Each structure stands twice: as C-alpha cells, then as structure tokens.
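Trainee: this one's structure only:
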C-alpha cells in the first residue's frame, strides 16, 4: 500500500511540473492565455478572401499586410488632428476619398465639407502618396491599373498604386471589405502578368501584392455624441520578377 501511495504522489508531482512548464506568466506569477494568432486581424487576407474568383485564380496576385503602408497612413492622418463631427455626419457608406485634376477633394456626398476642411484631406492624400511613392497620385480606385503602372520609365523597378477610403467606425469591417472588393475586382483582374515588347516577346513578368491598412480616428463635437471614422488604404505593389 505504501508503494502505491508513493507512486501516486510521484505521478501527481510529474503532472504538476508538466502543467507549470506549459504555462506562461506575466512576470507576477499569473498565467497568460495561450498564443492565438487569430487575435491579430489581417485585413489584407480578409480582402483576398472576398475578391472574385477571377482574381483569386491569378497566382501572381497575393494579399499581405504592409507595415510601411500602415505607418504611412498613420502619419498622413496626423494632418487631420481631431475630427469634428455630429450625428450622421460620418457616412455609413464606404467612400473612396480622392482628389481630382484641380487638386480638390472629389467624393460622392458632402462628408468632407461637414467633417473636416478640404485642405486637411488634400494634405492626408499628398503625404500618403509621397511616403509610399504612389503612382496614381489622386488615390482614386479607378487609377489602380496598367495605365498608372506603365508610366514607369524603368519597368524593372517596383511601383505602387493605391486607393483611400473612409467610413463610419461603427460599420463592421467585414461589410466594408465586401464593398472594397467589389470596387477593385475589375482593376485587379486586369493587371497583366507580363510586359511585352515588339514582336510579342516577354520583357518583364510581374507579381502584385495587395495590402490593406486601417486607422481609426475619433470624431466628437458635442458632449453627447462620440463616434469615429475608419480610414482604409489599399495599396497594390507591382514587383518585376524577370528582366
């Protein structure tokens, strides 16, 4: 009987040590929850799951986060300061926020006029474009395409196109990315994998990486209203894979 008790105690000790070894602590002896990669939101991957099958089948287009684009968007939005807002001011519709040829903000609706001055939005666009060296400098989603990429004088270098969006911060990003995917399907599926020279020979092949960056900005103008706006930047980076 004594041997059985000793064996049981030894087994219990081994199990306790194993459990402790498998736990992390926060430095104060308190266990931490297990690592969970799903806690890190990857909006780029989410967008990749929402684009059309015509885009998904193109093996030269991938979707991955870009830390440089995220930092550039955060820096550019410093031009806004603190958003002024009121009830129903920040639109629940996903808006492509871009400039026109006259260097004026060009969007559907009056979101800019009611929320923040136009010069601030222009500054956001200009800073983001400059930091990322974006080719469609007005950030219109329609500018993500071969026309802008092909303006490169040296097609052996990487280049970037992009689009900027804004939406009420309370709208689920799942719905927001559905809208963005529907707007970008045609642009993405028409991106060429090759660049031809006279006679039909392939001079350069390309890979594209689509990245989504999101920054939330608080919006509050009156005591009883507190809201926010999500600014979403989508960048498409073209990288030559063969010269």
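Mentor: Perfect, thanks for sending it. Everything quoted here is computed from the prediction, not taken from an experiment. Residues are numbered from 1 along each chain as shown.

Trainee: right, and the helix or strand after the helix or strand of the chain with the lowest mean pLDDT?
Mentor: The helix or strand of the chain with the lowest confidence, counting by mean pLDDT, DSSP states H and E, is helix 111-115 at a mean of 45. Of the helices and strands lying after helix 111-115 in sequence (DSSP states H and E), the nearest is helix 118-132.

Trainee: Mind listing what's buried along that following helix?
Mentor: Burial within helix 118-132, assessed by neighbour count using 16 or more other C-beta atoms under 10 Å, is assigned to 120-129, 132. Any C-beta I mention is one placed from the backbone N, CA and C, and that applies to glycine too.

Trainee: List just the nearest of those residues to residue 58.
Mentor: Nearest to residue 58, judged by C-beta to C-beta, of those is residue 132 at 22.8 Å.

Trainee: can you pull the contacts of that closest one?
Mentor: Neighbouring residues of residue 132 by C-beta atoms under 8 Å, 6 or more residues apart in numbering: 68-69, 72, 160, 162, 235.

Trainee: If we use 6 Å, what do you get?
Mentor: Counting by C-beta atoms under 6 Å, 6 or more residues apart in numbering, residue 132 makes contact with 72, 160.

Trainee: returning to that earlier point: so can I have JSON lines of the buried residues of helix 118-132 showing distance to residue 146?
Mentor: Shown next, in JSON lines, are these (distance: C-beta to C-beta, whole Å):
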{"residue": "120", "distance to residue 146": "32"}
{"residue": "121", "distance to residue 146": "27"}
{"residue": "122", "distance to residue 146": "27"}
{"residue": "123", "distance to residue 146": "29"}
{"residue": "124", "distance to residue 146": "26"}
{"residue": "125", "distance to residue 146": "22"}
{"residue": "126", "distance to residue 146": "24"}
{"residue": "127", "distance to residue 146": "26"}
{"residue": "128", "distance to residue 146": "22"}
{"residue": "129", "distance to residue 146": "19"}
{"residue": "132", "distance to residue 146": "19"}
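
Trainee: For residue 166, which three-state class applies?
Mentor: strand (DSSP: H, G, I helix; E, B strand; the rest coil).
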